[in-house]
Structure formats: structure tokens, C-alpha cells
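1. next comes the sequence, and after it the predicted model I'd like to discuss.
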Amino acid sequence: MNQPLTPELAQWLVAQRHAGHNDEAILRAMLQSGWTESSARVALSRTLVLLKDPVPAVPAAAAAGAYTPGLPEPKIDSGATSVWAGDREVQILTVMASPRVIVFGNLLSAEECAGLREAAAPRLSRSETVKVDTGGSEVNESRTSQGMFFMRGENDVCKRFEARVAALLNWPLDHGEGLQILRYGPGAEYRPHYDYFDPNHSGTQAILKRGGQRVGTLVTYLNTPTCGGATTFPDVGLEVQAIQGNAVFFSYDRPEPSTRTLHGGAPVLKGEKWVATKWLRQGHFE
Ligand code: PD2
Ligand code: ZN
């Protein structure tokens, strides 16, 4: 059932949250009353706005309705084994409710993976992390990969990939950051971190002016390392193996550890690992 978020329903959802029921319990109740999982999730995330959770949105932009409500989410019903992403059938390999994690298969062809690797290779340099005080970036031992950013729509493969991701995750193309390509050599890793911008860091307000918070991450594997390099979710003991063409997606409805979206790139033990990371924002990202 694809129900609209009526005032009565919104009131019920808010009351459930006020009563201390966690999202999983509320979701279960909604599924029992006939909701599809994807529409229940969207309705649930919209109540955050009603509750005025401390999502560090840029208030003016949020008030002006510049942000898309809800979260990126594929249209999949329970048990679906694949989903149409506009120009390609994408497999659903693993689905987790909380944290919201979905592993996709066959998101990119071998040729598309090679095209992204080849276009990125001459532009790689040591990866940096966000500098928490200014919002700038710096080299950090916790991230030993090399990386580069494409501009959105920079070449044909980027354009095709961005359109596919927008269709797959039902999220406007212009809310996505440019694709980031990472190459991890043997021993390289990305220690566990959150992808949202921490509201307590002084540099965050400046970052949020451009598109608001990150609300979802899609890491797509552009090759298969010989050994190691899984994407890990330590809070829930999940490891997603890096298999060429597959991708792991996760979303977060608030910039807080309670989303359990702590994740990392385990050290590559043999061979190398290439990924394309797509971060999705609340609003238009210029
Ligand atoms: O390469 C990965 O598996 C990975 C892990 C954690 C990538 C990212 N985070 C990222 O690009 O944010
Ligand atoms: Zn990350």
C-alpha cells in the first residue's frame, strides 16, 4: 500500500516517537498495517521535520522548501530480487532495515568501471579528510587511499551513472555531489567514520550552505581486489565485499551516531581496490 502522509498519520508517527518507540518498532507496526517498506520509510523520515529534530539544515533553505523531504531509497518491495534503474536492471543482494543498508549487484558494467578508472587515474592524489575547524581538508593517517573528484556530468560515463543513481534511489540528480574515485593500494584503508557533517564542528555550517547535509552514500566497486578491502559497518558487524560492478548504499536521516552508519574501508590485503563514492545531499548541490 502506498499511503499518503495525512495529518492524522503524521500525528500518530510523531506520538510514537515521543513515546520512545524506535524507528524499527514503528516500521514493523506500519508494515503490519499494510504499508510497503519504502513508503513507510519515507513517511517515517518526514516526521523528523515535524518533530523539528536538530538536523543542521541551513534554516533559511529548509524554510523555503529548498530541501527534498525524506531520504534516497529505491522502490523495492519485500522480496524483490531486482529493480529497474532507468537504463539497467540492478540486482538486490542484501537489505538491512537499521541501519538502512542495501547491497546492489550489476550497477555498473565492466566497461563502465574501466572507463571511470581510466579517466580518474591521471588525476589521482593522496586523499584528504574534512578539516573539522574550518570545513577545509587535510591529509590524514586514517585515510591512506588516493582520490579525485569528477564534476557532475563531466563525461559520458559520469552522466550515465548519475542518471542511473537518480532513478535507482529516487533522488534528484542535482542533489548529488560529483563522483569521487578512490584507489587503495596494498595496505591502504579508510578507517571507520561517518559521512554526514558533524553539527558540532565549527566548519560544518559553511559546508552545509552548499546543498545541506549528506543523507545517503553509494559506494560502487570499480574492480575486485584479490583479498581484503571490504566496506565494513562495525556497529552491526556487517562486511560488504568489494566485487566489481556491485555497490553498497546506506542512508542516514540525522547527523548522529544513533543512525549506526559508522563505516570504513578495511585494509586491502592483496591487489588494489577502486571505488566510486556518490554522496547525496538534502538539496541542490552546486
Ligand atoms: O572504499 C570504501 O569501502 C569506503 C568505505 C568508507 C568508502 C568510503 N567510506 C567513502 O568514500 O566515504
Ligand atoms: Zn565513508
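-> That came through, no problem. Just so it is clear, the structure is predicted and the values come from calculations on it, not from any experiment. Ligands and ions are numbered 1, 2, ... in the order given.
2. CA only for contacts and neighbour counts going forward, please
-> OK.
3. quick one, helices of the stretch 101-250 of the chain?
-> Assigned by DSSP state H, counting those that start in this stretch, the helices in the stretch 101-250 of the chain fall at 110-120, 156-169, 204-208.
4. CA-only coordinates of the shortest one, as CSV, when you get a sec.
-> In CSV, the C-alpha atoms belonging to helix 204-208 read as follows (Å, rounded to 0.1, in the frame of the first residue of the first chain):
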residue,chain,number,x,y,z
THR,A,204,30.1,22.5,9.3
GLN,A,205,27.8,25.5,8.8
ALA,A,206,30.0,26.7,5.9
ILE,A,207,29.8,23.2,4.3
LEU,A,208,26.0,23.0,4.7
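5. show residues contacting the helix or strand containing residue 25.
-> Using DSSP states H and E, residue 25 falls within helix 23-32. If you take Cα atoms under 8 Å, 6 or more residues apart in numbering as the criterion, helix 23-32 is touched by 13, 16-17, 37, 40-41, 44, 97-98.
6. report the mean confidence score over it.
-> Taken as a whole, helix 23-32 has a mean pLDDT of 81.
7. flag every residue of the chain that's near ligand 1.
-> 190, 195, 230-231, 263-265, 275, 277 (Cα under 6 Å from any ligand atom).
8. show me which pair in those is furthest apart.
-> 195 and 230 (16.8 Å; Cα to Cα).
9. have a look at the two and say which one is more surrounded.
-> residue 230 (21 against 18; other Cα atoms under 10 Å).
10. before we move on, back to that, list just the nearest of the contacts of helix 23-32 to residue 79.
-> Set against residue 79, the nearest of the contacts of helix 23-32 by Cα to Cα is residue 37 (10.8 Å).
11. for the closest one, list the residues it contacts.
-> Contacts for residue 37 were tallied using Cα under 8 Å, 6+ apart; they are 27, 31, 76-78.
12. relative to ligand 1, how far out is it?
-> 26 Å (Cα to the nearest ligand atom, to the nearest Å).
13. now do the phi/psi pair for that residue.
-> phi -60, psi -40 (degrees, to the nearest 10).
14. coming back round to it: give me the buried entries from the contacts of helix 23-32.
-> Those of those that meet the buried threshold are 13, 17, 37, 40-41, 44, by 16 or more other Cα atoms under 10 Å.
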